[in-house]
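Asker: I would like to see how this sequence folds:
(chains A and B)
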Amino acid sequence: MVKIYIDDREYDVPAGMNLVDAAKWHADNDIPVFCYHPKMEPVGMCRMCLVQQGAIEKDRATGEVVLDEHGQPKVRWMPKLQTACTQRVTDGMVIRTNTAEVDQARQNVIEFLLTSHPLDCPICDKGGECPLQNLTMEHGPGMSRMQFQDKQHLDKHVPLGDLIYLDEERCIQCARCVRFQDELVGDDVLAFHERGRRLQIITNSNPGFDTYFSGNTTDICPVGALTTADFRFGARPWELTEVPSIDPFDAAGSNISLSIRLDRDFGGKAMIKRVMPRQNESVNEIWISDKARFGHHFTRSENRAQSPMIRNANGQLMQTTWEEALKSVASILKAAGKDVAAIAGSQMSNEDLWALREVMSAVGSTRLGAWPITHAGADLVAQVGVGVGSNLGDLGKGDAVLIIASDLEEEVPIWRLRLKLAKERGVFLAVANARHTRMEDFATACLRYDYGMAAHFLSNLRAENPDLAQQLAQANNLIILTGAEGLSLDGSRALMQAAANFLIETGHVGKPNNGLLSTFPGPNGMGQYYMGFTPENTQDIMINPPKVLIVAQADLYHDDPSASQWVHEVETVINLTLFADETLSHEAHTILPIQSFAERDGTFTNGERRVQRFYTAQGPIADALPAWQVLSRLGEKLGRGKAKLSAATVMADIAKNVPAFAGVTYKEISNVKRQFPDVGGRDLYYGGTAYQNRGGLGVQLKTTAESGEAINTAPVELVNAPRSQAGQMLIVPTTVLYNRERTFLPSALMHPRVMMPYAEINSADAAKLGIKSGDVVEIVADTMRVRVKAHVNGGAPEGSIVLPRHLTTEAVPMTMTLGRVSKVD
Amino acid sequence: MNQLQQKYQDRITHTLSKYPDKRSAVMPLLYIAQEEYGWVSPEGIDQVAEICDMDATQVKSIAGFYTMYSEKPKGKYWLQVCTDLPCALRGADQFHEDLKAYLEVEEGGTTADGMFTVEHVMCLAACDKAPMLQCNFHFAENLDMDKMKVLIEQWRNEVNQQVNGSR
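Answerer: Numbers count the residues shown, from 1 in each chain, chains lettered A, B, ... in the order given. Reported below is the predicted structural model:
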C-alpha cells in the first residue's frame, strides 16, 4: 500500500494501481474518462481524464520530506496537466481534480469532442445511458462555439457485420471497440482508417465484424456510434427495466440483464428488448457472447406451446385445462405402476428438476435421465471440480490449464475469452484435440491424438508426454477442462476419470482454481446431476423404454436420429415443452406448455457448480406455467403433499434433501458485494457498459474434496473407440455455437451467421472419394441419413468426418459413430 | 502463391528478409501493390495481408493512415503539385490551376484516357525550384506550362511506345 493525496485528502491504495481506478475505488472520486476502460490497457487518447499531478518533494540526500514555510510538505507539481489513466499510483503522489485548470481542461475536451458530434440525443439509442451525454452535462461548456454548418456529415448506417452498425458521425475515436477486439478477443478485425478529423473505424475483413463477442463493443462504446441490429431504435434506455437473469445457453452461466418494457409488439406485456451483460467477475466479468445477447427471440416464438393438450380417443390433440390435463396425467402415472421414466433437458432449472424427481418418487421410479447424453462424469465434477472461490480471472503465471476434447470457442465462448486472457497473463495453456480448434491459436502447447483416444491420451500422459505431464503436475494451480468431442458416453466417462485421477494424483483438488471443469451442454448440466438425472439412466431408458415416459424440455427428435425408434416403443409420452410443433408432439399423449427462463424465476447450476438465480422478466405466453409449478401440482395429485407456491420454497426443499445444496437459500444466492472494476454504478462514464449486479453473485457448491472427505482415484475404464475401416469413416459430431436448435432458430437476425449444413472432410479422403469442396455429400450411419456440403480442408483428420450437430434438419448422432460417405450427383 | 508473389517474387523475398517478422514488411509490400495496380486496390490489400499473415483490416488501416498510399484509382502518371506558400510565391498555385485546365481535370481527378491524375500536396522540400511537382514520386522542377506541355507529350509517348513495344 502507498499513500496518495487526492484533493488534499490522504488515501491508502495498493502500489501500482491505475490512478483512475484508485480514485474511483478508494476515494470515490470519479475522474471522467472516454477511452480508458478498466478491462483494457490505457492509451490516453481522449484527454478527458486530465488532472493536476504532483509529488511530495523529498530531500535527495536525506530522503526527508521537504517542508514549506508553513511547515507543510512541499509539493512539486508537473508543469502541465497529466492524463490520469496512464498513471500508476506511487507513494506521495498528489492529485487535484477540482481546480479551475482541470475544470477548464475537461470543458475544452468536451467542446472539442462535440465539434462534429450530432446533438440529437433524443433520437440516439445511447441517449439516457450515454457517457458523452452525462459528462457533457457535468463538465461540458453548455454552449457551443461551433457553427452547425461546420459539422462533418458522415455515413450513419455502416454495417460492420450482420449484427453491429456504425454511426460515423457519433464516433469519438476512443478505440475501445478496436482494443476490445484486439486485446480481449484476439480477432483484430476492427481498425482505424485515415487520420485526423477523418479518422474512422473500419473493418476490411471477410466476413466483416463477425466474432462471437461483437455485441460487447456496443456496451463499451461511450457514445451511440455502435449499435446492435437487434436493439437499434428498439426502445429508449430510460423506458427499460433491468431484470437479472442467466444465459440459458451454456455451462458458463453468464450473468445477464434482460431489459424489458411493456410493448405493443407483445400484446402490451413485458417484453425483452435487449440482453445486456451483468457484472460477475468470477463468471463472465462484464462480457457475454453474441448467442446470449441475441438468442432471446425463442422465448417469443410463434411456436411456443399455448395450452395443455390431451390426445382423445380418435388420436387428435385437444386443448384442455390445466386441472383436466394434470388429472389425466396423474391417472396415467398411477395406472403405469412403476414403469415410468423421465428425461429432462439441461435448460430445466434446479427447481424444475427437483419437482420432476418428486413426481417420479411418488410413482416409485428412479429412472431419471438427463438430456442430451454427450457428457458423462458430472459426479466427478461434484467430487473434484474447481474449488469454491475459483475464478478463471485469477489464474496467472505458474498456473496451468489443459483443454481436452473440446472446441471451446463453440461450446463455451466465455471460457474461451477468459482463458485466452489467462494465457496472456502467463498461464500455461495446453489444448489437446484430434483436430485444429480456434483455441489452439491462443495455446502455449497444442497436442494431437486420434479421435476416440482422448482418455487413452490423458491416462498415458506421463509415459507418452512426460514434459507436458510435468508442466501440468508442477503448476501452482491446475484446471483440466474437458469436452466430449469424438467420444462415446463411455469414452467421455473414461476421459473424466482420467482427468480426475491426474488431478488427484498431483494434488490439484479441493482448493480454488484447481480441479475439473466440463463443457456440459446447456446452463444446468450440473443441476441435472445434483437432482439425480444422469445420461447413463437415459441410455438405459433408450434400451428398455418404459410404459410411460415424461419428456421435459428435451428435444429428442432433433438431438437423436434413433429417437423415432425407441420413443415409438413407449406407450404414453407426456411432454413438458416450450414449443408446440416439436416432432415429439406427434407421439405425445399429453402436452404441457411450460415457461422459458425469461418468464419465471429459478436457478441454474453452472459448470463451476455455482448456483445462480434468474428472475421473472417477460410476460407469460398463454397458459404456459413454470415446469416446477406444473410438476408440483402433479405431485400433489399423486399424494406428495401440498403443491409448492414459489420457486424459493422448492429450493428450500432441495436444500433439505440434496446434501450439496445444504444451506443454500434464494437469499444467499441473491447476495451481492461491490466488485472491481466498479462499472454500471452511479458514475457518469461507464453508463450502458454492463449492469451492476443487483440480482446476486450466486453460491458455489462445495466439492466432496473440500468437505474433508478422502478422494481416491479410480481405474479408468478405457473403451476401444471405433476405427475407420474399408468404406467406413468415423462420423464425429461437433458443436457449433450458431445452429438450428429450437431455442436459437427463432432469432432471425442470426440466420446469416448460421452455416449451411456442412461436413469437414480430409483432403486425402476427399481425393479417394472423388469429393471436392462444395459438393453435396450424403452421410449414412445406422439411423442417420443427412445431406450436407463438403468442406475439404485440413480440419478433419484422415479417416474422419467432422459433422456439426444441429445444422441439419435431420438429427445427427450425439456421439461418434461409423458411417459411409458418398457424393450426391 | 498469389499474383503479387508470382510477379515480384524476388523483391518480396528480399523485402521479407530485411525484417524480423513478416508483419514489419507491410509498408514496402504495399508500395509493390501500389506499383502493380496503380493504387492500393482491394486485391492488393488482400494479397499483402496474406503475405504478411495479417488481418486485411489492419493492412487497410495502414494504407489509410499514410498519404503516399493511394486508396483511389490513379492515372498512370500521378502529378502532385506543391502549392504551399513558398511555392505559391513563385507562381505554383497558378501553375496548378493552368495544369488542371490544360488536362481538363478537377482537383484530384484523372484524365479521361487514364493517363494523368492531378492533385495538390503539402511541402515537398523543393521550394527553391518551384513551381515543381512530383510525378510517381520523382521530382520535376522549375516548371512552367511550356515545359510542362513538353513533359506531358513525352510521358504520353512513353506509354504509347510501351503499348506499341508490347505488341
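Asker: What residues does residue A:815 make contact with?
Answerer: For residue A:815, the contact set (CB atoms under 8 Å, 6 or more residues apart in numbering or on different chains) comprises A:373-374, A:484, A:487-489, A:491-492, A:733. Where C-beta positions appear, they are placed from N, C-alpha and C, glycine not excepted.
Asker: same thing but 6 Å
Answerer: When contacts are counted by CB atoms under 6 Å, 6 or more residues apart in numbering or on different chains, residue A:815 touches residue A:488.
Asker: hang on, it in a strand?
Answerer: No: applying DSSP: H, G, I helix; E, B strand; the rest coil, one finds residue A:815 to be coil, outside a strand.
Asker: What values do phi and psi take at it?
Answerer: Torsion angles at residue A:815 (phi, psi; degrees, to the nearest 10) stand at phi -130, psi 170.
Asker: Near chain A, which residues of chain B are found?
Answerer: Taking CB under 6 Å from any CB of the partner chain as the contact definition, chain B meets chain A at B:55-58, B:60-61, B:64-65.
Asker: are any of the residues you listed buried, and which?
Answerer: Neighbour-count burial (16 or more other CB atoms under 10 Å in any protein chain shown) applied to those gives B:55-58, B:60-61, B:64.
Asker: which residues does the residue nearest in space to the middle of chain B contact?
Answerer: Geometric centre of chain B, nearest residue: residue B:136, 4.3 Å, by CA atoms, centre = their mean. By CB under 6 Å, 6+ apart, the contact list for residue B:136 reads residue B:78.
Asker: Which pLDDT value goes with it?
Answerer: Note on residue B:136: pLDDT of 86.
Asker: Doesn't residue A:446 lie inside a strand?
Answerer: Yes: looking at residue A:446 with three-state DSSP, it is inside a strand.
Asker: which residue packs closest to it, ignoring adjacent ones?
Answerer: Using CB to CB, 6 or more residues apart in numbering or on different chains and skipping residues adjacent in sequence, the residue nearest residue A:446 is residue A:440, 4.6 Å away.
Asker: residues touching the residue nearest to residue A:482 when sequence neighbours are not counted, list them.
Answerer: Closest residue to residue A:482 apart from its sequence neighbours, by CB to CB, 6+ apart: residue A:518 at 4.8 Å. With contacts defined as CB under 6 Å, 6+ apart, residue A:518 is in contact with A:375, A:381, A:482.
Asker: can you tell me how far residue A:271 sits from chain B?
Answerer: Distance from residue A:271 to chain B, counting by CB to the nearest CB, to the nearest Å: 36 Å.
Asker: you'd agree that residue is up against residue A:263?
Answerer: Yes: applying CB atoms under 6 Å, one finds residue A:271 in contact with residue A:263, separated by 3.9 Å.
Asker: residues near residue 72, how many?
Answerer: Let's take chain A. Around residue A:72 sit 10 other residues, with neighbours defined as other CB atoms under 10 Å in any protein chain shown.
Asker: you looked at the wrong chain, it should be chain B
Answerer: When neighbours are defined as other CB under 10 Å, residue B:72 has 11 of them.
Asker: before we move on, what about residue A:752?
Answerer: 13.
Asker: Verify the contact between it and residue A:162 for me.
Answerer: Yes: here residue A:752 reaches residue A:162: they are 4.7 Å apart, a contact under CB under 6 Å.
Asker: Report pLDDT for the residue nearest to residue A:446.
Answerer: pLDDT, residue A:440: 96.
Asker: That one: what secondary structure?
Answerer: Criterion first, three-state DSSP; result for residue A:440: helix.
Asker: Quote the end-to-end distance of stretch A:50-62.
Answerer: In stretch A:50-62, first residue to last residue: 33 Å (CA to CA, to the nearest Å).
Asker: can you give me the offset of it from its chain's centre?
Answerer: How far stretch A:50-62 lies from its chain's middle: 47 Å, per CA atoms, centre = their mean, to the nearest Å.
Asker: now stretch A:308-325
Answerer: The answer for stretch A:308-325 is 38 Å, by CA atoms, centre = their mean.
Asker: what is the rounded mean pLDDT of it?
Answerer: On average, stretch A:308-325 scores 93.
Asker: Stretch B:141-148 now?
Answerer: 94.
Asker: Need the contact partners of it.
Answerer: B:98, B:126, B:129, B:131-132.
Asker: Quick one: those residues as TSV, columns for pLDDT and distance to residue A:59 too.
Answerer: Shown next, in TSV, are those (pLDDT from 0 to 100; distance: CB to CB, whole Å):
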residue	pLDDT	distance to residue A:59
B:98	95	71
B:126	92	56
B:129	92	60
B:131	94	63
B:132	94	60
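Asker: Please enumerate the helices of chain B.
Answerer: B:3-7, B:9-17, B:26-37, B:42-52, B:56-65, B:85-89, B:92-103, B:145-166 (DSSP state H).
Asker: Please identify the most buried of those helices.
Answerer: Counting by mean count of other CB atoms under 10 Å in any protein chain shown, helix B:56-65 has the highest mean neighbour count of those, with a mean of 22.
Asker: Helix, strand or coil: sort out the nearest residue to residue A:301 once chain neighbours are set aside for me.
Answerer: Of all residues not flanking residue A:301 in the chain, residue A:746 sits nearest, at 4.1 Å (CB to CB, 6+ apart). Following three-state DSSP, residue A:746 is assigned to coil.
Asker: what's the first-to-last distance across stretch A:62-78?
Answerer: In stretch A:62-78, first residue to last residue: 23 Å (CA to CA).
Asker: starting at the chain centroid, how far to that stretch?
Answerer: In terms of CA atoms, centre = their mean, the centre of stretch A:62-78 is set 53 Å apart from its chain centre.
Asker: So what touches that stretch?
Answerer: Here stretch A:62-78 makes contact (CB under 6 Å, 6+ apart) with A:53-59, A:94.
Asker: For that stretch, buried residues please.
Answerer: For stretch A:62-78, the neighbour count (16+ other CB under 10 Å) marks residue A:75 as buried.
Asker: So for it, mean pLDDT?
Answerer: Here the average pLDDT along stretch A:62-78 is 90.
Asker: again with stretch A:351-371
Answerer: Mean predicted confidence for stretch A:351-371 is 97.
Asker: and what of stretch A:411-427?
Answerer: The average of the pLDDT scores along stretch A:411-427 is 97.
Asker: do the same with stretch A:566-575
Answerer: On average, stretch A:566-575 scores 94.
Asker: returning to that earlier point: so which of the contacts of residue A:518 would you say is closest to chain B?
Answerer: Of all the contacts of residue A:518, chain B sits closest to residue A:482, with 31.5 Å by CB to the nearest CB.
Asker: Run a quick neighbour tally on that closest one.
Answerer: Neighbour tally, residue A:482, other CB under 10 Å: 31.
Asker: Surely it is in contact with residue A:404?
Answerer: Yes: with contacts counted by CB under 6 Å, residue A:482 reaches residue A:404, the gap being 5.5 Å.
Asker: Got the domain ranges for the chain?
Answerer: In the absence of a named chain, chain A is used. Per automatic domain parsing, the structural domains of chain A span A:2-109, A:115-228, A:309-375+A:526-700, A:378-520, A:729-823.
Asker: hm, I was asking about chain B
Answerer: Domain segmentation of chain B under automatic domain parsing yields B:3-65, B:77-165.
Asker: Need the residues that contact stretch A:98-111.
Answerer: The contact list for stretch A:98-111 (CB under 6 Å, 6+ apart) reads A:7, A:47-48, A:50-52, A:81, A:136, A:139-141.
Asker: re earlier: residue contacts, the residue nearest to residue A:301?
Answerer: Counted by CB under 6 Å, 6+ apart, residue A:746 has contacts A:297-298, A:301.
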